[in-house]
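**Q** After the sequence you'll find the predicted model.
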Amino acid sequence: MRVTVNAETHAGGYTWQSLPAAQQPEWPDRAALRDVIAELESYPPLVFAGECDALRNRLGAVARGEAFLLQGGDCAEAFDGVGADQIRNKLKTLLQMGAVLTYAGSVPVVKVGRIAGQYSKPRSKPTETRDGVTLPTYRGDSVNGFEFTAEARIPDPQRLKRMYQASASTLNLVRAFTTGGYADLRQVHAWNQDFVKSSPSGQRYEVLAREIDRALSFMNACGVDPEEFKTVEFFSSHEALILDYETALTRTDSRTGELYDVSGHMVWIGERTRQLDGAHIEFASKIRNPVGVKLGPTTTPEEALTLIERIDPDREPGRLTFITRMGADKVRDRLPDLVEKVTASGAQVAWVCDPMHGNTFEAASGHKTRRFDDVLDEVKGFFEVHKELGTHPGGIHVELTGDDVTECVGGGDEIFVDDLHQRYETACDPRLNRSQSLDLAFLVAEMYRDQ
Ligand SMILES: O=C[C@H](O)[C@H](O)COP(=O)(O)O
Ligand SMILES: C=C(OP(=O)(O)O)C(=O)O
């Protein structure tokens, strides 16, 4: 049975608040933090609990094998990235990928951005050293500054308010774009306008867009012009990392009396914070949002089964998404046992592949990067495993941007290791640029069709 939590009022403290929480900032000014939390608690929700329920239903279709999840966006959003162009470019890339997957893969695509809340980063090391100077590591714009100065790296709780404001502005524009005409399927060419001539993936997309156009004209001529083509259902998601922030945005739903984290539609718990006895998993188990958990190569089937017991005791399709990030060299070896034992337990989780986080390496130039071929190979391995076991490869989770950055190597419009310095803009991990993202969408659509 699902645990009802409405009796546990915030005033009395939530259960997760007394448990150890990994990767939390050491806020130097606790009084300032308390004031910020009190203010955040008074702010309105960023999303409506009913929208979270809608996404849980859509993810239920993913878990049952009837839909595919496309989840993507920045590794780390930045406060100075909250501009119309950047948001539109990201959205445009996701819409193009969605069109490719829906049309070429012939599957309904659930679209979820790593957007409007992805401001906090778990890190491998607490400090960073440059030229003999050691400072606290950058933990995302919600915590401290990217600039390598002692002052910028001090965690500042005021940043949590800026995170809320940046998320609100971003979500507002995303909602305007997705419901106000920009995402109308008849705009399928317009999303490609600035792109088509310069890039092989843009040209390939244009061919597909022409086919979609013809299909739309045909339907129109038959008198069919569905409302569903005029807007796009698009959801927000981020890693629920900084529990002071997520807790302040956790509210009791007036309709049901249940708790929702209203900072985003879906939240996930990362590889570094998914300890079974830790605060993050306890938090995830108490909110009604659809929840993702990242599973790295060391995950045991027993851990996966305990996570299901904790977060999805009712075995509700859509409630829990396992986002696997094994690495291209390990996915074929580590994933089968997990999928097999979870399936045998009767749980119906959505299986999603994050082909980014297990494939990062440092280039000789010092840039953190990923090879497009490794990313692709991990997705291939993920599809192979699911094909072998007769289970559903439910989606992909990728770090991407709509801008022409040079952060990952390879792709159809090839980026070489020596090009990385040209436009390396990520605040943390390397993202696929627009052309690489579209390449990936075409290749995944082919894999899905073949499946
Ligand atoms: O995005 C994920 C993590 O925050 C990131 O991979 C950690 O990177 P680090 O090893 O540079 O700390
Ligand atoms: C930190 C992340 O991933 P992981 O927890 O899988 O390392 C992430 O997706 O930003």
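**A** That came in fine, so what should we check first? Keep in mind that what you see is a predicted model, and the values were worked out from it rather than measured. Ligands and ions are numbered 1, 2, ... in the order given.

**Q** show me what contacts the residue nearest to R139 when sequence neighbours are not counted?
**A** Setting aside the residues directly before and after it, R139 is nearest to K121 in space (C-beta to C-beta, 6 or more residues apart in numbering), at 5.5 Å. Every C-beta, even on glycine, is put in place using the N, C-alpha and C of the backbone. By C-beta atoms under 8 Å, 6 or more residues apart in numbering, the residues touching K121 are C75, A76, Y138, R139, G140, L241, A427, C428.

**Q** Quick check: the gap between K121 and A350.
**A** According to C-beta to C-beta, to the nearest Å, K121 and A350 sit 24 Å apart.

**Q** still on that earlier bit, would you quantify the distance from the residue nearest to R139 to ligand 1?
**A** Using C-beta to the nearest ligand atom, to the nearest Å, we find K121 at a distance of 4 Å from ligand 1.

**Q** Wait, a strand at that residue?
**A** No - read with DSSP: H, G, I helix; E, B strand; the rest coil, K121 is coil and lies in no strand.

**Q** Around the residue of the chain found nearest ligand 2, count how many other residues there are.
**A** Per C-beta to the nearest ligand atom, the residue of the chain with the smallest distance to ligand 2 is G270, at 2.9 Å. Close neighbours of G270, defined as other C-beta atoms under 10 Å, add up to 22.

**Q** What residues sit buried inside stretch 153-165?
**A** R153, I154, P155, D156, P157, R159, L160, K161, M163, Y164 (16 or more other C-beta atoms under 10 Å).

**Q** With respect to ligand 1, which of these is nearest?
**A** R153 (13.9 Å).

**Q** got a list of what that closest one touches?
**A** So R153 contacts L135, P136, T137, Y138, N144, G145, E147 (C-beta under 8 Å, 6+ apart).

**Q** Ignoring the adjacent residues along the chain, who's closest to the last one?
**A** With C-beta to C-beta, 6+ apart as the measure, R153 is the residue that lies nearest to E147, at 8.0 Å, once sequence neighbours are left out.

**Q** Check R319 too.
**A** D312 (4.6 Å).

**Q** for I87, same thing?
**A** L173 is the one closest to I87 (C-beta to C-beta, 6+ apart), at 5.2 Å.

**Q** From what I see, the one you found and A84 are in contact.
**A** Yes - applying C-beta atoms under 8 Å, one finds L173 in contact with A84, separated by 6.5 Å.

**Q** Give me the more crowded residue out of the two.
**A** L173 (17 against 11).

**Q** Next up, phi/psi of the residue nearest the centre of the chain, please.
**A** With distances taken as C-alpha atoms, centre = their mean, R114 lies nearest the centre of the chain, 3.7 Å away. The phi and psi values for R114, taken as degrees, to the nearest 10, are phi -80, psi 80.

**Q** so what's it up against?
**A** Q71, G72, G73, D74, C75, E77, S237, H238, H397, E399.

**Q** Can you add secondary structure and give these back as TSV?
**A** Below are the contacts of R114 laid out as TSV (three-state DSSP):
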residue	secondary structure
Q71	strand
G72	strand
G73	strand
D74	coil
C75	coil
E77	coil
S237	strand
H238	strand
H397	strand
E399	strand
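
**Q** any chance of the residues you listed in TSV, with pLDDT, neighbour count and distance to ligand 2 too?
**A** Formatted as TSV, the contacts of R114 follow (pLDDT from 0 to 100; neighbours: other C-beta atoms under 10 Å; distance: C-beta to the nearest ligand atom, whole Å):
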residue	pLDDT	neighbour count	distance to ligand 2
Q71	98	24	10
G72	98	29	11
G73	98	27	10
D74	97	24	9
C75	97	21	6
E77	98	29	11
S237	98	26	10
H238	98	27	9
H397	98	25	7
E399	98	27	7
